[in-house]
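**Student:** Fold the following, please.
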Amino acid sequence: MQEVVPVNSTHRNSQDTRLLAALGAANSSTRLQAALAVGTHADPGLVDALVARCAIEPDFFVRDMLTWALTRLPSKITVPRLRAELDSERAQARSQALHTLSKIGDRSAYPAITRSLLHDADDEVARTAWRAAVVLVPDGEQKGLAAELASQLGRGDRNVKLSLSRALVALGDVIEPALRTGMASDDPTVSAHARATKLLLHDPDVGFDAAVDEAKRIVALGPERDEGTAC
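**Tutor:** The predicted model follows:
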């Protein structure tokens, strides 16, 4: 019979202590290696430390590794902790929690992506909420999500508009009624954004900027010239 070697809890605790210290090191490479090590060993006892670090980590690549480490843990542990983080006052905490939930892919988290998150005043939080909602939306609820997203057509700069268009297009043809509402808007920015999104829906190969330019041209010409241009 093979001898069972007892776990040295003192060694394990000291290793965890070193990893926790490394997650907060001044050097980003050290933090990256620590996040990699935590994810490799997949210790559920470090979930709180990983989530807390996500909220304040300044380096994109380290944040990405922290997310990967969290996806390595059981979702029954990570999802409730991440859902709680969605109520944080810190924008990065909300954004990273949404991003990680989308990577985990557990659709039970969808109800936590509230209307307030989809309309978050922070553009990065809102953009991440849009992407996460599209990934996690249950079958049969896509139309309602499309209407919610389309209510923000015209929002923000080019990057924000592009993120919203991509999120809508990812939902497929179910977005058509919401886009028609947007195209009928008296606000030319909203109308052009809706038309550009429709162009992208029917021709994914067209560039976003080209779609926006074409949509603006159609708006300038008037709705009577719109028939058949977006398909």
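
**Student:** Outline the domain layout of the chain.
**Tutor:** Residue ranges for the domains of the chain, per automatic domain parsing: 16-138, 142-231.

**Student:** looking at those domains, which has the lowest confidence?
**Tutor:** Sorting these by mean pLDDT places domain 142-231 lowest, at a mean of 86.

**Student:** Show me how far it is from its chain's centre.
**Tutor:** 20 Å (C-alpha atoms, centre = their mean, to the nearest Å).

**Student:** returning to that earlier point: same list (the domains of the chain) but as TSV, adding mean neighbour count.
**Tutor:** For the C-beta atoms, the positions are set from N, CA and C on the backbone; glycine is no exception. Formatted as TSV, those follow (neighbours: other C-beta atoms under 10 Å):
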stretch	mean neighbour count
domain 16-138	18
domain 142-231	17
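
**Student:** Endpoints of stretch 36-45, how far apart?
**Tutor:** The stretch stretch 36-45 measures 15 Å between its terminal residues, going by C-alpha to C-alpha, to the nearest Å.

**Student:** for stretch 77-94, that is, sorry about that
**Tutor:** 18 Å.

**Student:** mind checking how far residue 158 is from residue 150?
**Tutor:** 18 Å (C-beta to C-beta, to the nearest Å).

**Student:** Same check on residue 161?
**Tutor:** Residue 161 is 12 Å from residue 150, by C-beta to C-beta.

**Student:** next one: residue 217
**Tutor:** Where residue 150 is concerned, residue 217 sits at a distance of 21 Å (C-beta to C-beta).

**Student:** Residue 190 contacts residue 150, correct?
**Tutor:** No: if you go by C-beta atoms under 8 Å, residue 190 and residue 150 don't touch, sitting 9.3 Å apart.
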